[in-house]
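Participant: Sequence isn't available, so here's the structure alone:
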């Protein structure tokens, strides 16, 4: 089995990715940074101006540190009426990195009085090993609500309704959300690409 390092300390992300990739019957095991670094994960600064640049930065940095194949991701919410903001700044839209409540409040405030509320979630996954460097994309189109709804999920889930649905991501159970989410779509595309890489062995 080939160990692949996922650039996250979130075991839920590892489990989700592993479950989706298992359908492709690849000879791989996905592990988190927390597992590999035994709780002392390095902080990789996301200085890129695009999701693609940030995913690449994380993938290259962790591959250089560990020599393992690495999968890194970056995800952003892109609101068309706001010129695709918050985009790469999604996690720190209100100024403080990771303050989800403040980020949602900032976005709803910036959309106040705007009727055009279409948006998309976009996830970039970048895979790198000694021989290969590839990225894939997963997109989920939808709309931004007027107010927060639901208590599941994280980030902007409580203000985003996917096209064709009436519930926000935060009102859905995990199984329903993962059946249509941007991250799940990116994972499926990555599985297809990895299946084509015959020399995945380092």
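Facilitator: Now that the structure is in, tell me what you want to look at. All values derive from a computational prediction rather than experimental measurement.
Participant: for stretch 111-122, how far is the first residue from the last?
Facilitator: 19 Å (C-alpha to C-alpha, to the nearest Å).
Participant: For that stretch, give me every contacting residue.
Facilitator: Stretch 111-122 is contacted by residues 51, 75-82, 137-145, 156, 160, 181-182 when judged by C-beta atoms under 8 Å, 6 or more residues apart in numbering. All C-beta spots, glycine's among them, are computed from the backbone N, C-alpha and C.
Participant: Buried only: go through those residues for me.
Facilitator: Among the contacts of stretch 111-122, those classed as buried by 16 or more other C-beta atoms under 10 Å are 51, 75-79, 82, 137-138, 140, 142-145, 156, 160, 181-182.
Participant: Keep only those of those residues that are in helices.
Facilitator: Cross-referencing these against helices under DSSP state H gives 51, 182.
Participant: Which members of the buried ones among the contacts of stretch 111-122 occur in strands, if any?
Facilitator: Mapping those onto strands (DSSP state E) picks out 75-79, 137-138, 140, 142-144, 160.
Participant: ok, of those residues, which one's closest to residue 126?
Facilitator: residue 137 (10.3 Å; C-beta to C-beta).
Participant: Which strand residues bridge the closest one?
Facilitator: Counting by DSSP bridges, residue 137 is bridged to residue 124.
Participant: And the strands in the chain?
Facilitator: With DSSP E as the criterion, the chain has strands spanning 2-6, 28-32, 70-79, 85-86, 118-128, 133-144, 160-162.
Participant: taking the ones you listed together, which one is wrapped up most tightly?
Facilitator: Among those, ranked by average contacts under mean count of other C-beta atoms under 10 Å, first place goes to strand 70-79 (a mean of 24).
Participant: quick one, what contacts residue 84?
Facilitator: With contact set as C-beta under 8 Å, 6+ apart, residue 84 has these partners: residue 78.
Participant: Give me the angle between the helix or strand of the chain with the lowest mean pLDDT and strand 70-79.
Facilitator: None of the helices or strands of the chain scores lower by mean pLDDT, DSSP states H and E than helix 11-22, at a mean of 84. Using axes from the mean of the first three to the mean of the last three C-alpha atoms, to 10 degrees, the inter-axis angle of helix 11-22 relative to strand 70-79 is 100 degrees.
Participant: What sits closest to residue 11 if chain neighbours are left out?
Facilitator: The shortest distance from residue 11 to any non-neighbouring residue, by C-beta to C-beta, 6 or more residues apart in numbering, is to residue 32 (6.0 Å).
Participant: pretty sure the one you found is in contact with residue 15, am I right?
Facilitator: No. Applying C-beta atoms under 8 Å, one finds residue 32 not in contact with residue 15, separated by 9.6 Å.
Participant: picking up where we left off before, just give me the closest of the ones in strands among the buried ones among the contacts of stretch 111-122 to residue 2.
Facilitator: residue 138 (22.7 Å).
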